[in-house]
Structure formats: structure tokens, C-alpha cells
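Novice: next comes the sequence, and after it the predicted model I'd like to discuss.
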Amino acid sequence: MESKNNRRYNNNNFNTYNSSNNINNYDSDEVKEAMEKLKEERKKNSKLKKENLELYSNILSLKSTAKEKINPIPPSRENNFPKFEDLKKKINSFINFETLKFFNKNLKDQNLNNKGFKFFFQTLISEINLYIEKYFKPLNDTLKTKLQTQKLNDPLTYVLSLSYQNNWKMIYDSIANHDILNELLNLFMENLEIKGEETRNNFYKYIKKIFELLFKCYINIPQIYWEYDRIGTITYFDVNHMEKFEENKIISKYEKIFVILPNIFYFEEERKKEVICKEKVINEKTYD
């Protein structure tokens, strides 16, 4: 009887013998055709490998370029764009202290009523937003046209916002130039019939400060929104979504209130709304 090793050898020999016989059974033309196809396939594979290497090289180059654009040379210290947490603190400080001071010293002294307050704050914020959007519109429209899209995606707006932040002072000075600030100032001087050089200077300074703050909110990541359409709304006091503008005034939940300053918020992941500053309200009858 043959050993197991011999049987394994014989089986291997048998398979090899069958393969040889099978090849010999092929027509010579068919063999040539198969060999030609094999050569063509090898050429295609070689070409694909070369193209893949070129593509990979291009990807590395694009990554490098993108990295340079996203992480440009940092601007000078005085031009540094504020961190998100610092900007939120600045917003609250501006609303709760600077705006309240401006309200007490300049708006109340002009004997304005609720209608006057609404015109000033709502018009001011909406007009500033229009100036900012108008400045960025040509670039956004060009990108939408080139990319064949109706809306710029988040990664692209992220990169653009970073670029804006690194040059924010130059861009801001270009938008909020002296002529634009005076145009806004004259709008309120004429419509609210406000006079006096000191008052005019105070209005100018306030307009300039809120313009800069709104601009920073616009280019911040994430973008910060001022819900100015709500200014002038008359409703009942809601302690969960509103705060008294004047701390020394008493407002009960059964009293009607007047929204004088907007809710300021941003969107977290999954479009979750996060409030930075609640609506500021006054009693509806106090200045009416």
C-alpha cells in the first residue's frame, strides 16, 4: 500500500498533468487572443496606478493649500478676533450696561415713546445687517454660481468665516466707514428730531459700537443672530424668555410689556437654539 505522502504527491502530479492536457486542448488562436487580452488588462492596470498616484499627489497638494488658507499667518494682537466665550460676554455687557446707559442718558431724555424706541433699535439693527450682507453678497453669489448651488455648505462657510475673522478689522473699517455711520446717524437725528452736539456725538459712538458687535456676530463661528423683528411686540411678561430692561422697575406676569431689545442666540449642533441674551422688556404704559 502506498504511503500518505506518496498519495499526496500523486494527487499533486495528477492535477498538474490535467492542467497540461487542458492547455494543450486549447486552439492556438484562442491562446493568442487570451494572451493579448491579458496584456491589455495589464496596460490598463498600469495606467490606472499611474493616474491614482497623480490623483493622490493632487489631493496632498490641495490639503496643503487648504491648510495654509485655514491657518494663515496670525494677525497683529490688536486685530485678534475675540473667542466665542469672550464675544458672548461682550454682548451681555453691551446690552445690560452700555445700552442701558445710552437709553437712560440719551433716549429717555429726548422724551421718546415706545414707537420712538422701536424705530431706533429695530431700524438700527436691521439697517446695519443690510450693510453687512450687502458687502458679502457679491462673493457669496459668485461662489454659488461657480459651484452651481443655491446654498453654501457648512465647511465652505466655515473656511470663509475664518478668513473674515483674520482680517476682520480691515473688512469692518471698509463697511462701517465714516460716511455710512453718518448716514445712519442722520437717519435718526432727522426722524426722531434729536438735537444737540453732545447728543449727536453719543449717538454716533453708540452706532459705531453696535455696528462692530453685529459685524463680529455675523462672521463668528457659529453665527450669532439678533431677533430684531420682535422689537416693538406687546405681550405678557414671560420670565423664562424675557428680562426687565430697567432693574428698578417692577413688572408682574399679568402686565403687558413692550419688547425693546431682541433675543440674541446661535444654533448648536442639530439646530438647537442657544440663547446668549434674553429679550429685554419694559412696561407697556411707562413711556407710551
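Specialist: In hand now; what should we look at?
Novice: which regions of the stretch 151-288 of the chain sit below the pLDDT cut-off?
Specialist: Low-confidence segments of the stretch 151-288 of the chain, defined by pLDDT under 70: 152-153.
Novice: can you show me the helices along it?
Specialist: Using DSSP state H, counting those that start in this stretch, the helices found in the stretch 151-288 of the chain span residues 154-166, 168-175, 178-191, 197-219.
Novice: most packed of the ones you listed?
Specialist: When the helices of the stretch 151-288 of the chain are scored by mean count of other C-beta atoms under 10 Å, the highest mean neighbour count falls to helix 197-219 (a mean of 18). Glycine gets a C-beta too; all of them are placed from N, C-alpha and C.
Novice: for that one, list the C-alpha coordinates in CSV.
Specialist: The C-alpha trace of helix 197-219 is given here as CSV (Å, rounded to 0.1, in the frame of the first residue of the first chain):
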residue,chain,number,x,y,z
GLU,A,197,-23.9,118.3,19.6
GLU,A,198,-23.2,116.2,22.7
THR,A,199,-26.2,114.0,22.0
ARG,A,200,-25.2,113.7,18.4
ASN,A,201,-21.7,112.5,19.4
ASN,A,202,-23.2,110.0,21.9
PHE,A,203,-25.5,108.6,19.1
TYR,A,204,-22.5,108.3,16.8
LYS,A,205,-20.4,106.4,19.3
TYR,A,206,-23.3,104.0,20.1
ILE,A,207,-24.0,103.3,16.4
LYS,A,208,-20.3,102.6,15.9
LYS,A,209,-20.1,100.2,18.8
ILE,A,210,-23.2,98.2,17.9
PHE,A,211,-22.1,98.1,14.3
GLU,A,212,-18.9,96.4,15.3
LEU,A,213,-20.6,94.0,17.6
LEU,A,214,-23.2,93.0,14.9
PHE,A,215,-20.4,92.5,12.4
LYS,A,216,-18.5,90.2,14.8
CYS,A,217,-21.7,88.3,15.4
TYR,A,218,-22.2,87.8,11.6
ILE,A,219,-18.7,86.3,11.0
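Novice: so what does it touch, helix or strand wise?
Specialist: helix 84-93, helix 114-147, helix 154-166, helix 168-175, helix 178-191, strand 224-226 (3 or more C-beta pairs under 8 Å, 6 or more residues apart in numbering; DSSP states H and E).
Novice: hang on, the earlier thing: which one of the helices of the stretch 151-288 of the chain lies nearest to residue 98?
Specialist: Nearest of those to residue 98, taken as C-beta to C-beta: helix 197-219 at 6.8 Å.
Novice: check which residues of stretch 279-287 are buried.
Specialist: Within stretch 279-287, the residues that count as buried by 16 or more other C-beta atoms under 10 Å are 279, 280, 281, 282, 283, 284, 287.
Novice: touching, residue 207 and residue 125? I think so.
Specialist: No - when contacts are counted by C-beta atoms under 8 Å, residue 207 is not listed as touching residue 125 (10.7 Å).
Novice: list the residues that contact both of the two?
Specialist: With C-beta atoms under 8 Å, 6 or more residues apart in numbering applied, the contact sets of residue 207 and residue 125 do not overlap.
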